[in-house]
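Trainee: Here is a sequence together with a model predicted from it:
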Amino acid sequence: MAISLVIWHVLTSETAAQTGRFTLAGTIPIAAELIRAQVDRAYLATAGTLTVVDISRPDTPRTIGAYTFPDRIWGFRVHDGLAYVSADRSGLGVLDVAGNGTPTIRGSLKTPGQAKSVFVSGDIALVTDTLTGVDFVRVDDPARPSLTGSGFLDGFSTDVVASGTFAYAADRPTGFYVFDLSKKDSFEPVGTSQSGSPNNTQRAQLEVLPESSGRRVVLLAAGGLLQLFDVTNPIDPMLLPPFRTPGAAVRIALKEHFVYVADGQAGLQVVDFSIPTAPKIVDSFKTMSPARDVAVAGSLVLVALAGGEVVILEEGV
Amino acid sequence: MRRVVLLTSLALTLPLLSIVEATDRWPQFRGSSAGVADDDPALPDTWSETENVVWKIEILGQSWSSPVVWGDHVFLTSAISADKEPSPTRGLADPTTENGRMQSSASHRWMVYDVDFNTGKVRWEREVRNGQPPIARHTRNSYASETPVTDGERVYVYFGTLGIVTALDMKGDVVWTRDLGPKESAQGWGMAASPLLHKGRVYILSDNKVESFIAAFDAQTGDEIWRSKREEFEGWSTPVVWENSQRTEIVTAAAGRVRSYSLDGQLLWELSGMSDFGSIPTPVISPGLVYISSGYPGSPRRPVFAVRPGANGDISLKPGESGNQHIAWLQPLLGSYQTSGLAYRGHYYTLLDRGFLLCHDAVTGKQIYGRQRLDVSASGFAASPWAYNGKVFALSEDGVAYVIQAGPEFKLLGRNSLDEMTMATPAVARGSLFIRTQSKLYRIAKGTKP
């Protein structure tokens, strides 16, 4: 009954505000703070709990199971059937989320401070930690993650992402750092820059755009803006003009060169970054309550709403 | 050459006459020389929970105030809750839930202890107040974070939580008490600035969201001599008396402005440009410069200023300036958040809360060496560094003290663990090191067998 009511409210909103190709496929009645999606699975983080939801039938999403950490989940990534979770003072947790049962803990590593986000690159998990900066953690044996080194960030580290042999990290208020992962014994950044606007977002997010004409650009959703760094020359990252969405860009998801933006009060925005210096909004979807995270899995777009649910949108052609 | 301090009561009665060598006292937060102790071969380089421990005693409650020492007296404060309080987390915290704020509803007892230097036995203990804390605090702060001060006649205790400043004689009897009233800080993170004692006056700094002030009180009577209002809303930095070549002044650090006052409360100079949030490190005095720092990691400004004697008016730097007539040098991103700097043998050391030591030329500000990580597994550093015998000491929140060779080359000489959380800055006196952990007070000296 409760679920039906939620769907009815969102449908009303959708009818009034949808501007493009999106149709509402279903709703997950969980107040998620973070979401990610892969194929037919959605992963939702609320406080210290990570919930796995089967979305193979979007109209009837089904909870598979959940795992609760003692501390808040600030970030997570799913990689090869494992969820790597940054859970504040609990550090890094590795959950087996591949099966059809409740997620189980495979391994963990207490990082010195508060673990804020994680990205997996090969057999290394990069974990941002407020105390150490970016921790480099070997996860070739997920049951026994081991710290190999740390790269210091001046401020409070917020997120890290990697592409190829480089990793990119951000901190609050304004730092941006490039690490060369091919340098196995060095954990010092090879390049740094400062963003133009202070990043006061606890859950700032970094993503690497697909290369365009030999140009590599990293996107930082923070401080309500989409900030861009040209990292074509990794030792000299260049701050590009930011892109301002109609609302306040909170979190992002990538599909090729399209960036799906959880845009706060303005709902969902889809921004074409095929020309990184000239992004343009190509679609949007007004949500019933502010959008606070977004995930993309094939043709499904999931939007976590401040109102306490996740809407599953089907993206048309 | 050991200096000798002759102390007399104003009445000059012979029974009260006491002679205490300078090395036998550590009368205030960070001692008389901003964390630098006189060299003494008896002082320890290595210790553990048992090695070189002369004595250790249990101290109830939660308090991050430092011990102070005068002769045979080791004074300590604490706030003891009737209920179990949440244990403080280790390491620099990125504020999250409630912005780190907590309010205890349990009844507390605010205590002062006099511990015998030789035996570790509590000579006397005095309950100053009891009741529910009237203000909130940060989960990592305590309700008794202010370090007392002593002149060998009395010990002066300030509990900022209560707004109470009181003088006790060496037997623990209350001489006078001033109730300044509890005042909440802007973010509800509690208080920590310690009192200051200089030539018969006790100075109290209270930056809060109600009415910030600095005030001077007669050390004998508790009478208020002057009070100067301040436009600040929170702060935890202990002020310092700076006796320089031109005058004696009181230097205070805060988020809004650094301010220096004459001994009669007149504003001498002020300086803007500190970190966004309230200042915690205590200014560091040296004969020719005073070093002022703040370094909230989430702030784009994390400066260390070195200020020359004789400044007047607003000495703030203009955009793009790294110094002026009054500011010898600026390092814009060097400041630490909680730990104070250390000026020792011509070098200025910065211990970052996240476990790095940096060294700069104390006169020019030129970097001698950059960030040197002490231990990647350390939870963080809140206690201020100290130095003696050519060594710099950095105490982590895990209770591990790292021993670093002083000088232009970074060299980690050793690590000594007490295996318990600590945030209190140690004291050094009479060939002994006093370390307060979460539940214990240690006296450590060389040559003590387990």
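Mentor: Sure thing, it's come through. Numbering: from 1, shown residues only, chains lettered A, B, ... in the order given.
Trainee: Residue A:120 contacts residue A:137, correct?
Mentor: No - checked against C-beta atoms under 8 Å, the pair residue A:120 and residue A:137 is beyond contact range at 9.4 Å. Using the backbone N, CA and C atoms, a C-beta is placed for each residue, glycine as well.
Trainee: which sections of the stretch 201-317 of chain A are below the confidence cut-off?
Mentor: For the stretch 201-317 of chain A, applying pLDDT under 70 flags the ranges A:317.
Trainee: More neighbours: which of residue A:120 and residue A:137?
Mentor: Neighbours of residue A:120 and residue A:137, each counted by other C-beta atoms under 10 Å in any protein chain shown, are more numerous for residue A:137; the result is 26 against 20.
Trainee: Could you say which helix or strand holds that one?
Mentor: Element membership of residue A:137 [criterion: DSSP states H and E] is strand A:133-138.
Trainee: From the contact counts, what lies against that strand?
Mentor: Under the contact definition 3 or more C-beta pairs under 8 Å, 6 or more residues apart in numbering or on different chains; DSSP states H and E, strand A:133-138 sits against strand A:124-129, strand A:146-151, strand A:156-163, strand A:166-172.
Trainee: Need these in TSV (columns: distance to chain B, mean pLDDT and mean neighbour count).
Mentor: Listed next are the helices and strands packed on strand A:133-138 as TSV, based on distance: least, C-beta to the nearest C-beta, whole Å; pLDDT from 0 to 100; neighbours: other C-beta atoms under 10 Å in any protein chain shown:
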stretch	distance to chain B	mean pLDDT	mean neighbour count
strand A:124-129	9	97	27
strand A:146-151	5	93	18
strand A:156-163	5	95	26
strand A:166-172	5	95	27
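Trainee: Which positions in the stretch 101-250 of chain B make contact with chain A?
Mentor: Taking C-beta under 8 Å from any C-beta of the partner chain as the criterion, chain A has no neighbours within the stretch 101-250 of chain B.
Trainee: How many neighbouring residues does residue 291 have?
Mentor: Just going to use chain A. For residue A:291, the count of nearby residues is 30 (other C-beta under 10 Å).
Trainee: please go with chain B instead
Mentor: Around residue B:291 there are 29 residues (other C-beta under 10 Å).
Trainee: Isn't it up against residue B:284?
Mentor: Yes - the criterion here is C-beta under 8 Å, and residue B:291 meets it with residue B:284 at 4.2 Å.
Trainee: Common neighbours of these two, please.
Mentor: When C-beta atoms under 8 Å, 6 or more residues apart in numbering or on different chains defines a contact, the residues bordering residue B:291 and residue B:284 alike are B:341, B:343, B:348.
Trainee: give me the subset of the residues you listed touching chain A.
Mentor: The subset of the shared contacts of residue B:291 and residue B:284 lying close to chain A, counting by C-beta under 8 Å from any C-beta, is empty.
Trainee: Redo these as TSV? Include pLDDT and secondary structure.
Mentor: Formatted as TSV, the shared contacts of residue B:291 and residue B:284 follow (pLDDT from 0 to 100; DSSP: H, G, I helix; E, B strand; the rest coil):
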residue	pLDDT	secondary structure
B:341	98	coil
B:343	98	strand
B:348	98	strand
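Trainee: Quick check: residues of the stretch 251-400 of chain B near chain A?
Mentor: Counting by C-beta under 8 Å from any C-beta, the stretch 251-400 of chain B sits next to chain A at B:297-300, B:302, B:333, B:354-356, B:371, B:373, B:376-380.
Trainee: repeat that with 6 Å
Mentor: Contact residues, the stretch 251-400 of chain B versus chain A (C-beta under 6 Å from any C-beta of the partner chain): B:297, B:298, B:300, B:354, B:376, B:379, B:380.
Trainee: what's the burial count for the first one?
Mentor: Here the neighbour count serves as a burial measure; for residue B:297 (other C-beta under 10 Å) it reads 26.
Trainee: Check which helix or strand it maps to.
Mentor: Short version, using DSSP H and E: residue B:297 is in no helix or strand.
Trainee: quick one: pLDDT of it?
Mentor: pLDDT for residue B:297: 87.
Trainee: Kindly report the same for the third one.
Mentor: Here the pLDDT value assigned to residue B:300 is 84.
Trainee: count of residues packed around it?
Mentor: Residues near residue B:300, counting by other C-beta under 10 Å: 17.
Trainee: Surely it is in a helix?
Mentor: No - remark: residue B:300 does not belong to a helix; assigned using DSSP: H, G, I helix; E, B strand; the rest coil, it is coil.
Trainee: Ramachandran coordinates for it?
Mentor: phi -70, psi -10 (degrees, to the nearest 10).
Trainee: Kindly report the same for residue B:23.
Mentor: Dihedral angles (degrees, to the nearest 10) for residue B:23: phi -80, psi -10.
Trainee: can you tell me how far it sits from residue B:418?
Mentor: 24 Å (C-beta to C-beta, to the nearest Å).
Trainee: Compare the two and say which one has the larger neighbour count.
Mentor: Per other C-beta under 10 Å, whichever of residue B:23 and residue B:418 has more neighbours is residue B:418, with 23 against 18.
Trainee: Return the distance of that one relative to residue B:436.
Mentor: Separation of residue B:418 from residue B:436 (C-beta to C-beta) stands at 10 Å.
Trainee: re the thing from before, can you say which of the shared contacts of residue B:291 and residue B:284 are buried?
Mentor: Using 16 or more other C-beta atoms under 10 Å in any protein chain shown as the burial test, the shared contacts of residue B:291 and residue B:284 include B:341, B:343, B:348 as buried.
Trainee: Tell me if I'm right that the second one and residue B:284 touch.
Mentor: Yes - look at residue B:343 against residue B:284 with C-beta atoms under 6 Å: they come within range, at 5.3 Å.
Trainee: so where do the helices sit in chain A?
Mentor: According to DSSP state H, chain A carries its helices in the segments A:2-17.
Trainee: near chain B, which residues of it?
Mentor: For chain A, the contact set with chain B under C-beta under 6 Å from any C-beta comprises A:112, A:113, A:114, A:130, A:131, A:150, A:155, A:156, A:172, A:173, A:174.
Trainee: Which pair in those residues has the greatest spatial separation?
Mentor: Farthest apart among the residues of chain A next to chain B by C-beta to C-beta are A:112 and A:174. That separation is 23.2 Å.
Trainee: So which of the two has more stuff around it?
Mentor: Taking neighbours as other C-beta under 10 Å, residue A:112 and residue A:174 compare with residue A:112 leading, 27 against 22.
Trainee: Which residue is the nearest non-sequential neighbour of the more buried one?
Mentor: Spatial nearest neighbour of residue A:112, excluding adjacent residues (C-beta to C-beta, 6 or more residues apart in numbering or on different chains): residue A:131 at 4.5 Å.
Trainee: What of residue B:261?
Mentor: residue B:250 (4.6 Å).
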